[in-house]
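Enquirer: Okay, sequence plus prediction incoming.
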Amino acid sequence: MRTIAIIAAKEIQEGLRNRWVLATTLLLAALALSLTFLGSAPTGNVGAGALDVVVVSLSSLTIFLLPLIALLISHDAVVGEMERGTMNLLLSYPVGRGNVILGKFVGHVLILAFATVIGYGAAGVALMLTGASTLAASWYAFAAMLGTSIMLGAVFVAIGYLISSLVRDRGTAAGLSIGVWLLMVLVFDMALLGILVVDQGRTISGPVLNALLFLNPTDLYRLTNLTGFNVSQFSGMAGLAANTNPGLGALLLGLSLWIALPLGLSMLAFARRQL
C-alpha cells in the first residue's frame, strides 16, 4: 500500500506540474457555472427545481467531457514512460508492475475526483448563493451525480491504461483512445437507436435492451443519473426509465465491473510486456 501511495503521489505531483489539475478543474467549473446560470431559466415553466436542472445538465455534459479528459491523461501512462525511459528507472526499484499500474490509477482518479468535486461543486455553491429553494432529494441526486461521475472517469482511466499497456507508441495510444471515445460516447448509442428503430420491438425486448446498455459504461452512467433520483421527467427520459429498470445496485455494479476488468487486463498486459 505504501508503494501504491508513493506512486499515486508522484502522478498527482506531475499533474500539478503539468497544469492538468488546474486546467481540468477550471474547465469543469466554467462549464458547470455556465450551465447553472443559463440552464435554470426554464425551471419556472416545467416545474423542475433549479438543482434538478443542474443535475440533468451536468450529467449530459459529463458523458461527453469526462471520458475524454480521462483518456487524455491516461493513454500514455505506460507507453509514454517507456518511450521516455523513465519506466525502466522506476522498475529498477523494488516495486511490482501491478503496484505501478495501481499507483498510477489511484493518482489519476484522485486528480479527476478533485477536479470534478471542485468544478461541479462550484455550481452547487453558486446555486446556494442565489437563494434558490432546493429539496433534500435534489441534493442527494447532486451528490450521486458527483460520485458516479468520478466512477465514469475511473472507467475511462482504466481503459486508457489498457490501451497504453498494449500498444508500442504514444501516437497509436492517442489514436485508439479517440476511437474508443467516439465509439462509446457517440457511435454505440446511434447504432443501438438505429437497431431499435428497424426492429420495432420484435426481437429486442426490455431485458435484451438492458443487457445491451450494460455493454457501454456511458449508458450505465446515463441510466443512473438521468432516469433515477426523480429527475427522469426533467431529462426527457421518463419513457426509458419506465421500460428499462435494472435497478440502482445493478447499474453501480456494472460501472464497478467496467473499472475492474480493464484495470485487471492492463495489469496482466503490463506484467507480460517486454521492456
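Expert: Great, that's in hand.

Enquirer: ok, residue 158 to residue 103 distance?
Expert: Distance from residue 158 to residue 103, counting by CB to CB, to the nearest Å: 14 Å. Quick note: C-beta positions are derived from backbone N, CA and C, even for glycine.

Enquirer: Between the two, which has more neighbouring residues?
Expert: Neighbour tally, residue 158 and residue 103, criterion other CB atoms under 10 Å: the higher count belongs to residue 158, 27 against 22.

Enquirer: So the more buried one is in contact with residue 263, correct?
Expert: Yes. Counting by CB atoms under 8 Å, residue 158 touches residue 263, with 4.1 Å between them.

Enquirer: Against which helices or strands is the helix or strand that contains residue 222 packed?
Expert: If you go by DSSP states H and E, residue 222 is part of helix 217-226. The contact analysis (3 or more CB pairs under 8 Å, 6 or more residues apart in numbering; DSSP states H and E) places helix 217-226 against helix 50-74, helix 136-166, helix 188-199, helix 206-213, helix 248-272.

Enquirer: Pull the distance from that helix to the chain's centre.
Expert: Relative to its parent chain, helix 217-226 has a centroid offset of 10 Å by CA atoms, centre = their mean, to the nearest Å.

Enquirer: Report the angle between that helix and helix 136-166.
Expert: In terms of direction (axes from the mean of the first three to the mean of the last three CA atoms, to 10 degrees), helix 217-226 departs from helix 136-166 by 170 degrees.

Enquirer: mean confidence score for helix 217-226?
Expert: Averaged across helix 217-226, the pLDDT comes to 87.

Enquirer: Can you tell me what sits against it?
Expert: By CB atoms under 8 Å, 6 or more residues apart in numbering, the list of residues contacting helix 217-226 from outside reads 55-56, 59-60, 62-63, 67, 141, 144-145, 148-149, 151-152, 155-156, 184-185, 188-189, 213-214, 231-232, 235, 237, 240, 244, 246, 248, 251-252, 254-255, 258.

Enquirer: If we use 6 Å, what do you get?
Expert: Helix 217-226 is contacted from outside by 59, 63, 145, 148, 152, 155, 184-185, 213, 235, 237, 251, 254-255, 258, using CB atoms under 6 Å, 6 or more residues apart in numbering.

Enquirer: same question, stretch 23-37
Expert: With CB under 6 Å, 6+ apart as the test, stretch 23-37 has contacts from 54, 57-58, 61, 69, 115, 118-120, 122-123, 126-127.

Enquirer: Tell me which stretches of the stretch 1-150 of the chain form strands.
Expert: Ranges of strands in the stretch 1-150 of the chain, per DSSP state E, counting those that start in this stretch: none exist.

Enquirer: residue boundaries of the helices in it?
Expert: 2-17, 20-39, 43-46, 50-74, 79-84, 86-91, 97-129, 136-166 (DSSP state H, counting those that start in this stretch).

Enquirer: For residue 204, what are phi and psi?
Expert: phi -90, psi 100 (degrees, to the nearest 10).

Enquirer: Neighbours of it, how many?
Expert: Other residues near residue 204 come to 16 when the count uses other CB under 10 Å.

Enquirer: Distance check, the nearest residue to it once chain neighbours are set aside against residue 214.
Expert: Leaving aside its chain neighbours, residue 204 sits nearest to residue 196 (6.2 Å; criterion: CB to CB, 6 or more residues apart in numbering). Using CB to CB, we find residue 196 at a distance of 16 Å from residue 214.

Enquirer: When these two are compared, which one has more neighbours?
Expert: Applying other CB under 10 Å to residue 196 and residue 214 shows that residue 214 carries more neighbours, namely 19 against 14.

Enquirer: That one is in contact with residue 254, isn't it?
Expert: Yes. Counting by CB atoms under 6 Å, residue 214 sits close enough to residue 254 to count as a contact (5.0 Å).

Enquirer: Report the spatially nearest residue to residue 71, omitting neighbours in sequence.
Expert: residue 177 (4.1 Å).

Enquirer: go on, residue 102?
Expert: Nearest one to residue 102, counting by CB to CB, 6+ apart, is residue 4 at 5.0 Å.

Enquirer: Which two among the contacts of stretch 23-37 are spaced furthest apart?
Expert: 69 and 127 (23.4 Å; CB to CB).
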